[in-house]
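# Got a predicted model here, sequence first, then my questions.
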Amino acid sequence: MLWFYEAFFPVVWIAFLLYWQIKATNTKTTERLEPAASRILRVFVILVVIVILSTTRIPLPWLYLQLWPAGLWPFWLGAAVTVAGLLFAVWAREHLGRNWSRSVTIKQDHELITTGPYAVVRHPIYTGSLAGFLGMAIAISQLRGFVALVLMFLVFWIKLRMEEEWMRSQFGEAYATYARQTSALVPYLL
């Protein structure tokens, strides 16, 4: 049964990423694309997060500080949070439709989506993905899970700041009104 616990999170994330890759093929034409440097930096940080989460051989012992006893409760709580978060991100991706892009872009005939999960938060894909990382951190029960969560939060925060700027320039007062009424990542908080 140990194999199940070791394989659960990699299988869930790989399935999520495969879905994401398949859905990336049918999007609108890009009119404006963020600079390559920001995309490369984001990929680098994501690779660091993958290494932190996938190995226990990094020569930084503090990463492996046990925050609470590992066991069934942290695993299943973390698994539930991860699956719920990733399903929320999938719902947002489906709702966004052909306007989606993995990079910060303005699409041809770009639409401002404010319904469905976008009525809950302005960046539900990031919210769901961060919940996925939070679930892993709970399950891992070590400081490295929360280091990975903070790194991903920073990556998404930098990206969403650029997106917000571009959306304001594209949609003007309509986006400003939406931003005043809807939190960025966490309803009523952030």
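Structure received.

# For this protein, just list every one of the helices.
2-23, 36-54, 72-96, 124-140, 143-171, 173-181 (DSSP state H).

# Nearest to residue 116, out of those?
Residue 116 sits nearest to helix 72-96 of all those, at 3.9 Å, using CB to CB. (Glycine included, C-beta is placed from N, CA and C.)

# quick check: mean pLDDT across that closest one?
Per-region confidence: helix 72-96 scores 97 on mean pLDDT.

# Of all the residues in that helix, which ones are buried?
For helix 72-96, the neighbour count (16 or more other CB atoms under 10 Å) marks 74-75, 78-79, 81-83, 85-86, 88-93, 95-96 as buried.

# One more: stretch 35-53?
Buried, per 16+ other CB under 10 Å, within stretch 35-53: 42, 45, 49, 52-53.

# Can you give the distance of that stretch from its chain's centre?
13 Å (CA atoms, centre = their mean, to the nearest Å).

# Need the residues that contact that stretch.
58, 63, 103-104, 133, 136, 140, 144-145, 147-148, 151-152, 154-155, 158-159, 162 (CB atoms under 8 Å, 6 or more residues apart in numbering).

# Columns distance to residue 110 on top of the helices of the chain, output as TSV?
Converted to TSV, the helices of the chain look like this (distance: least, CB to CB, whole Å):
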stretch	distance to residue 110
helix 2-23	17
helix 36-54	19
helix 72-96	11
helix 124-140	16
helix 143-171	6
helix 173-181	11
